[in-house]
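**Student:** give me coordinates for this.
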Amino acid sequence: MSERARQLRRNSTDAEIALWRLLRSADLAGVKFRRQQPIGPYIVDFVCFSHRLIIECDGGQHAESAADAVRDKWLSEQGFRVLRFWNNEILGNREGVVLRILEVVGSPSPSR
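**Tutor:** All right, here's what the predicted structure looks like:
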């Protein structure tokens, strides 16, 4: 699983690269994210363990995905919130994406 996560980090999509830059450089009140992190049977795009927040970058293949629903349910049962952004939203509305993330990290996590 760790090798697959490394491979995903090396082959990031444009949206994942853009979001990673935002997460690393934006003033997110000291909130730290990891990318392509294994959690249970899944590898998530980005995770902040202190806020139990997972962020996923979604392309068209994720539209109405039953697999994503199962995955999100499992992650939720583990105490995580899953926040999904479409790739075009990340690339075209970066400020809105950062504002939404700040809104979520400012509210209590499900496990608190």
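
**Student:** dump the residue contacts of the residue at minimal distance from the centre of the chain.
**Tutor:** Nearest residue to the geometric centre of the chain (Cα atoms, centre = their mean): Ile55, 1.5 Å. Applying Cβ atoms under 8 Å, 6 or more residues apart in numbering, one finds that Ile55 lies in contact with Leu19, Leu23, Phe33, Val44, Asp45, Phe46, Val47, Val82, Leu83, Arg84, Phe85, Ile101. The way it works is simple: take the backbone N, C-alpha and C, and place the C-beta from them, glycine included.

**Student:** residues near Ser50, how many?
**Tutor:** 12 (other Cβ atoms under 10 Å).

**Student:** next, find the distance separating it from Ser25.
**Tutor:** Separation of Ser50 from Ser25 (Cβ to Cβ, to the nearest Å): 19 Å.

**Student:** one more: Val98?
**Tutor:** Going from Val98 to Ser25 by Cβ to Cβ gives 10 Å.

**Student:** which stretches of this protein form strands?
**Tutor:** Applying DSSP state E to the chain gives strands spanning 34-39, 42-48, 53-58, 81-86.
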